[in-house]
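Novice: attaching a predicted model along with its sequence, questions to come.
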Amino acid sequence: MAPGLRGEEGPIAQQRPIGPGRLVLVVGPSGAGKDTLLAAVRQRLAGDESFLFPRRIVTRPPSETEDNVEADETMFRRIAEAGGFALTWTAHGHHYGIPAVIDHALYGGRTAVCNVSREVVAVARRRYRNVTVVEITAPADVLLARVAARARSTDGDPTARVERRVAAAVEPDVVIVNDGALQAATERLLAVMTSTLSPIDRL
């Protein structure tokens with residue numbers, strides 16, 4: 001568990017689910033193209049204030065494929081202790097946080113779209129009233145090639161990133177195979193974000 005994350009028996013479990021806005025959680029293995037796909041969708045929705053794409057705070061420098069806000073571990077912990085994160089997790093030796101600004105957006109009826117780890121999905125589904133989980137994936141050889149092409153020394157072994165598993169199994173509401181033209185995957189994610197899917201719907 002990342003520093004400062006409120007556990008199941010704390011405030012997250014006790015408060016009423018946050019809404020009426022919608023939280024779209026994008027999950028998937030390294031190399032699936034989540035950040036690239038989200039950037040394309042964000043560009044398509046530029047100027048539409050009903051959608052929020054918060055930048056993650058990560059204890060790692062940003063890169064061409066990941067537009068995060070960098071924080072060292074001390075700063076990350078301070079933000080967490082001050083209640084500045086809605087969700088946090090640890091992966092690949094780094095801490096990740098989704099800013100608490102999404103709570104304000106959801107209270108106001110907006111849609112927040114976040115790239116997260118599967119590890120926080122269960123907590124998010126308890127904390128928020130309207131959650132849609134979208135899994136972005138691709139064949140194993142495509143995932144490995146994309147991770148290797150990044151050549152980020154802070155990522156560690158590319159194969160280990162692709163093969164990483166989390167303890168909690170997650171049943172996504174929608175699965176998008178992102179192994180072809182970016183436009184096709186973009187259109188599908190846009191359709192999910194602008195639809196009124198119930199938790200049992202699939203595209």
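Specialist: Everything's here; your move. Numbering: from 1, shown residues only.

Novice: where do the strands sit along this protein?
Specialist: 22-27, 51-52, 57-58, 69-70, 85-91, 94-99, 111-115, 131-137, 174-177 (DSSP state E).

Novice: any chance of those in CSV, with mean pLDDT and distance to residue 186 too?
Specialist: Just so you know, the C-beta spots here come from the backbone N, C-alpha and C atoms, and that holds for glycine as well. Output for these, formatted as CSV (pLDDT from 0 to 100; distance: least, CB to CB, whole Å):
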stretch, mean pLDDT, distance to residue 186
strand 22-27, 96, 12
strand 51-52, 96, 14
strand 57-58, 94, 24
strand 69-70, 90, 24
strand 85-91, 94, 24
strand 94-99, 96, 22
strand 111-115, 96, 13
strand 131-137, 95, 11
strand 174-177, 93, 10
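
Novice: out of those strands, nearest to residue 76?
Specialist: Proximity to residue 76, assessed across the strands of the chain by CB to CB, is greatest for strand 94-99 (5.0 Å).

Novice: residues near residue 140, how many?
Specialist: 13 (other CB atoms under 10 Å).

Novice: which residue, other than its chain neighbours, is closest to residue 58?
Specialist: What sits nearest to residue 58 in space, not counting adjacent residues and going by CB to CB, 6 or more residues apart in numbering, is residue 68, at 4.2 Å.

Novice: right, I mislabeled it, should have said residue 67
Specialist: Nearest one to residue 67, counting by CB to CB, 6+ apart, is residue 55 at 6.1 Å.

Novice: the one you found reaches residue 70, doesn't it?
Specialist: No: judged on CB atoms under 8 Å, residue 55 makes no contact with residue 70 at a distance of 10.3 Å.

Novice: contact partners for the residue lying closest to residue 190 once chain neighbours are set aside?
Specialist: Spatial nearest neighbour of residue 190, chain neighbours left out: residue 41 (5.8 Å); criterion: CB to CB, 6+ apart. Taking CB atoms under 8 Å, 6 or more residues apart in numbering as the criterion, residue 41 is in contact with 53, 113, 186, 189, 190, 193.
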